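In: any chance you can model this:
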Amino acid sequence: MTRMTLMLTLAVALASAGLVSEASADPVCDCDDSNPCRTDSCLPGTSICAPVPDGTVCGGACDMCLTGTCVAFGDADGDAVCDYEDNCSDAANSGQEDLDGDGEGDVCDVGDAWLVVAKAKVKQASTGRANGSIGVDGRFLATGGFDVTGGVTVRVLDGADTDESYSFTSCVTTTNGKARCRSEDHKQDIQFKPGLASGLLFFKLRRKNLSNGQPPVAPLFVAITAGTPVTGIDFAGSIDVPNCKGSARGNKVSCKL
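Out: I've put the predicted structure just below:
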């Protein structure tokens, strides 16, 4: 039953029971006010001001009418896209770019495009020592290009507490399309090599001297971003059992497709 039908039914019932006078059964409509979410007329047979359609803009550009009330939704990230339709309301993205079409903007999405983890190994650091390591080989398809001049950020997580991120700021690209990013001490290294298919890139990540003190557990998740994690495209993928197995000592996980 709609609200209008309910009100009419209630009015008729009250009148029939003698609880309202004939004058009150035909109420005076006084809706000439400044509320942008209400019309200047009442719902038939009532003194209730009729609301404008939900979604009508009221007040600011990001305010809309809901059931006769102006609700302020705002634009938290200031990108001129209202929060109620912004695919990433925490970070400015006026273009609303969404590479994988999952409804989450690229600047918020941890996985904008696929990445295949072909081989991975995570070794736990010994107590009191920074001798942990991570190695990952894989591939991804960067149809829109992959520019390392702004640096590369890599993140590796496991099914437990491992969460290792590293930002490479020094990268070199060769004329044949290969690229390499390394830390100053050369203990953190990632290489990219183009494949035969257009946009296909193979990568090899090697990280040493880590202090990851928790035993690694499958699955392993890998994300690579050209540029900053906020503005860049994140290529992400994972590998899980039965393609992963732990060592007898429990301090290492090795995975291979």
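
In: and stretch 30-50, what's its mean pLDDT?
Out: Here stretch 30-50 scores 87 as its mean pLDDT.

In: ignoring the adjacent residues along the chain, who's closest to residue 82?
Out: Spatial nearest neighbour of residue 82, excluding adjacent residues (C-beta to C-beta, 6 or more residues apart in numbering): residue 62 at 3.7 Å. For glycine as for every other residue, the C-beta is placed from the backbone atoms N, C-alpha and C.

In: wait, the one you found sits on residue 86?
Out: No: the pair residue 62 and residue 86 fails to qualify as a contact (C-beta atoms under 8 Å) at a distance of 9.3 Å.

In: show me where pLDDT drops low in the stretch 151-257 of the chain?
Out: 228-232 (pLDDT under 70).

In: beta partners of the spatially closest residue to residue 113 that is not a sequence neighbour?
Out: Using C-beta to C-beta, 6+ apart and skipping the chain neighbours, the partner closest in space to residue 113 is residue 235 (5.1 Å). Assessed by DSSP bridges, residue 235 has beta-bridge partners residue 113, residue 224.

In: relative to residue 57, how far out is residue 235?
Out: To residue 57, residue 235 is 39 Å away according to C-beta to C-beta, to the nearest Å.

In: out of those two, which sits in the busier spot?
Out: The neighbour count for residue 235 versus residue 57, taken as other C-beta atoms under 10 Å, is higher for residue 235 (25 against 13).

In: what's near enough to touch that one?
Out: Neighbouring residues of residue 235 by C-beta atoms under 8 Å, 6 or more residues apart in numbering: 111, 112, 113, 114, 115, 140, 142, 223, 224, 225.
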